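Undergrad: got a predicted structure plus its sequence, pasted below:
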Amino acid sequence: MDSPAQRRIQAIQQHLISSQDEDYQASSLRPNETAGEFVLEQGYSVILPEKLETGKWNVYRSVLSPMKLVSEFPNNPEIRTLHDNFTHSAKIFRDYKYLGTRVRVDGTVGDYKWMTYGEAAAARSAIGSGLVSHGIPKGSCVGIYFINRPEWMIVDHACSAYSYISVPLYDTLGPDAVQFIVNHATVQAIFCVPQTLNVLLSFLSEMPTVRLVVVVGGVDEKIPSLPSTAGVEIVSYTKLISQGQSNLHPFCAPNPADTATICYTSGTTGTPKGVVLSHGNLIANVAGATYSMQFTTSDIYISYLPLAHIYERFNQILVAYYGGAVGFYQGDNLKLLDDMAVLRPTVFCSVPRLFNRIYAGITNAVKASGGLKERLFNVAYNAKKQAVLSGKTPSPMWDRLVFNKIKEKLGGRIRHIVSGASPLSPDVMEFLRVCFGQVIEGYGMTETACVISALDKDDFSIGHVGAPSPACEVKLVDVPEMNYTSDDQPHPRGEICVRGPIVFQGYYKDEVQTREVIDEDGWFHTGDIGLWLPGGRLKIIDRKKNIFKLAQGEYIAPEKIENVYSKCKFVAQCFVYGDSLNSSLVAVVCLDPDVFKAWALAQGFKPENLEQLCKDPRARAAVLADMEAVGKEAQLRGFEFAKAVTLVLEPFTLENGLLTPTFKIKRPQAKAYFAKAITDMYAEIAASDPSSQKLL
């Protein structure tokens, strides 16, 4: 008798149709009664039943690998861990440039200076051997506490080669986050820079598991020594390399199931959560990406996205697999375009926040130019747009006349742009494609080792995040309390769930939260609401809970912030709003009329004009200042502060539809009710944000 797996494959094959059929593409599924209403007629996904015997055909896979979820590189199946990946690259691309930086030892900035794959491999062995010599046992957690630079990658490679677990540390999560992560992960060694060393020393006594601190970029004579009773040794990075070189230890290679890294996410409330990712998780995700994204040894990648986040880690693993070069930025986002002008990268992965600024900078410059230049740009833009949207090759004349000058802003050689972390607005996506060429948008999470879905390079439609990665399968689960179901017309809707070799091992030391998001069948529940568009493309439309992502990728729990702001003297009620197309929060405040009236009198305003006074910039500034003071006292994180406020006197009530019977804010209704105010506040923030002018 056939096995269940064979029966499943046979069932799938009955729905696949030959590419020779003129009426269908090769990726089509043949209409079949057993498939019910879920029959893919053309597109980028195939649809399978979750269980062959029962259930709907509601599991989507990439058409690039419909029979088997990808867990290894198709051409290099022997690469099963991050150590295998870098060892392979160091052997094949030994003399190719790998890691580059502009900043010299004395702090001045020049041209890029490069380290080869072979040199990075030697440094990796020395660092790993140094850790072994200092008695750091296999399986220990090693903290990395500085922004992107070559040493970050070398330490990470050393961790993989000697079976340590890398733990990125970053303090944007709040003042106590580093201390919490170090203690929670029982970190034994920390790599830092002189600036972060000072922070560590201030609470080193409260991190009892730390045995070794390595200072990157520090001068030996200036590195403080601690009393032997402290139980912590501080050494420079160069000294650790020297110690390792004089006593090299053999690799202690990990297995695919071993933990590669613990990435702590900002979460939504309370303390950060440690996402445990295995070597197999990361290799599977990157391997899946190679089915649609190929680089070469001549590709140059600009590294500026935080290496503490999974998006940048994924990019680095992918670039190393292909033997590409990685140039690091100076460390200042406002100098990023200067770095790109010198590096002239071919690959640029970024987030909507920066792309929005590039879009605003170019469009504002075009409007300011006026006259013939503005007309020429508009003619060129519309002509090239028509060609791009229809999948045709645009006339090179438009690039020569207009777009090459714009491309020069990013170094002039970009051939591959990727946007991730949060949705890119359709108008910005269209603009980038017309100006720069190929733009890929993806959707992913730390818990899935990065990519869940991505646009196909030949798909010119916008407003969605493409088809599932070949390394996972995706289904939508009904959320009846929000009226999202698989029977919705014209498109099935529900919570996005992911299964496959990319799904994380769980939250570190937190079985309860792990069980909340991974069900008994292995499906990871993302909390995002999606719908399936024709062609097997996924579109994200909502969050299951009142949680959302800002443009830079940080999660926000608005109720928590509203509870903080409710302590302000002016605030009777508060509605905090943000979305993934913007990097800041805004707030609508219903004022306490007595407090506001008293403030107005003290300022010399007439109390009968309170309605008019709500619009006065001085009143808004006073309320915002009070909110900021209360927010600081409550230790809100930087991205949790409202950057603009609208003042109203009308309370949120059951009668005006803004409150539930339990007096909670109805968020969709409040968003619609205050739509104009929200738009005006974001326009005000954009007008006062100097960074958009400085960047371009």
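TA: Looks like it arrived, so ask away.
Undergrad: centroid-nearest residue for this protein?
TA: residue 421 (3.1 Å; Cα atoms, centre = their mean).
Undergrad: pull stretch 460-472 out as CSV, backbone CA atoms only.
TA: Extracted as CSV, the C-alpha positions of stretch 460-472 are listed here (Å, rounded to 0.1, in the frame of the first residue of the first chain):
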residue,chain,number,x,y,z
PHE,A,460,5.0,43.9,-11.3
SER,A,461,1.8,44.2,-9.3
ILE,A,462,1.9,46.1,-6.0
GLY,A,463,0.0,46.2,-2.7
HIS,A,464,0.9,42.7,-1.4
VAL,A,465,3.9,40.7,-0.1
GLY,A,466,4.0,38.0,-2.7
ALA,A,467,3.9,34.2,-2.4
PRO,A,468,5.3,32.0,0.4
SER,A,469,9.0,31.2,0.5
PRO,A,470,9.9,27.8,-0.8
ALA,A,471,11.0,27.0,2.8
CYS,A,472,7.6,27.3,4.4
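Undergrad: pull out the buried positions in that stretch.
TA: Buried residues in stretch 460-472, defined by neighbour count with 16 or more other Cβ atoms under 10 Å: 462, 464, 465, 466, 467, 468, 469, 470, 471, 472. (C-beta placed from N, C-alpha, C; glycine too.)
Undergrad: now the two most distant members of these.
TA: 462 and 471 (24.1 Å; Cβ to Cβ).
Undergrad: where in this structure is the helix or strand with the lowest mean pLDDT?
TA: helix 690-695 (a mean of 41; mean pLDDT, DSSP states H and E).
Undergrad: what pLDDT does the nearest residue to residue 583 once chain neighbours are set aside get?
TA: In this structure, residue 583 finds its nearest non-sequential neighbour in residue 551, 4.3 Å apart by Cβ to Cβ, 6 or more residues apart in numbering. At residue 551, the predicted lDDT confidence score is 84.
Undergrad: was I right about residue 551 contacting residue 353?
TA: Yes: Residue 551 lies in contact with residue 353 (Cβ atoms under 8 Å); the separation is 4.1 Å.
Undergrad: find residues that contact each of these two.
TA: Common neighbours of residue 551 and residue 353, counting by Cβ atoms under 8 Å, 6 or more residues apart in numbering, are residue 583.
Undergrad: so the two - more neighbours on which side?
TA: residue 551 (24 against 20; other Cβ atoms under 10 Å).
Undergrad: so where's the chain uncertain?
TA: 1-42, 52-55, 172-175, 266-270, 607, 660-663, 689-696 (pLDDT under 70).
Undergrad: which of the buried residues of stretch 460-472 fall in strands?
TA: Secondary structure assignment (DSSP state E) places 467, 468 from the buried residues of stretch 460-472 within strands.
Undergrad: tell me which of the buried residues of stretch 460-472 is nearest to residue 59?
TA: Closest to residue 59, out of all of the buried residues of stretch 460-472 and judged by Cβ to Cβ, is residue 468, at 9.4 Å.
Undergrad: ok, the closest one touching residue 61?
TA: Yes: in this structure, residue 468 is within contact of residue 61 by Cβ under 8 Å, at 5.9 Å.
Undergrad: so what's the closest residue to residue 448 other than its chain neighbours up against?
TA: Excluding the flanking residues, the one nearest residue 448 by Cβ to Cβ, 6+ apart is residue 502, at 4.9 Å. Applying Cβ under 8 Å, 6+ apart, we find residue 502 in contact with 281, 284, 285, 288, 448, 449, 450, 451, 452, 469, 471, 472.
Undergrad: repeat for residue 451
TA: Taking Cβ under 8 Å, 6+ apart, one finds 285, 288, 289, 314, 442, 443, 444, 469, 471, 502 in contact with residue 451.
Undergrad: overlap in contacts of residue 468 and residue 61?
TA: Shared contacts of residue 468 and residue 61, counting by Cβ under 8 Å, 6+ apart, come down to 45, 474.
Undergrad: including secondary structure and distance to residue 555, could the contacts of residue 502 go into a markdown table?
TA: Shown next, in a markdown table, are those (DSSP: H, G, I helix; E, B strand; the rest coil; distance: Cβ to Cβ, whole Å):
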| residue | secondary structure | distance to residue 555 |
| --- | --- | --- |
| 281 | helix | 21 |
| 284 | helix | 25 |
| 285 | helix | 21 |
| 288 | helix | 25 |
| 448 | helix | 15 |
| 449 | coil | 18 |
| 450 | strand | 16 |
| 451 | strand | 19 |
| 452 | strand | 16 |
| 469 | coil | 22 |
| 471 | coil | 24 |
| 472 | coil | 21 |
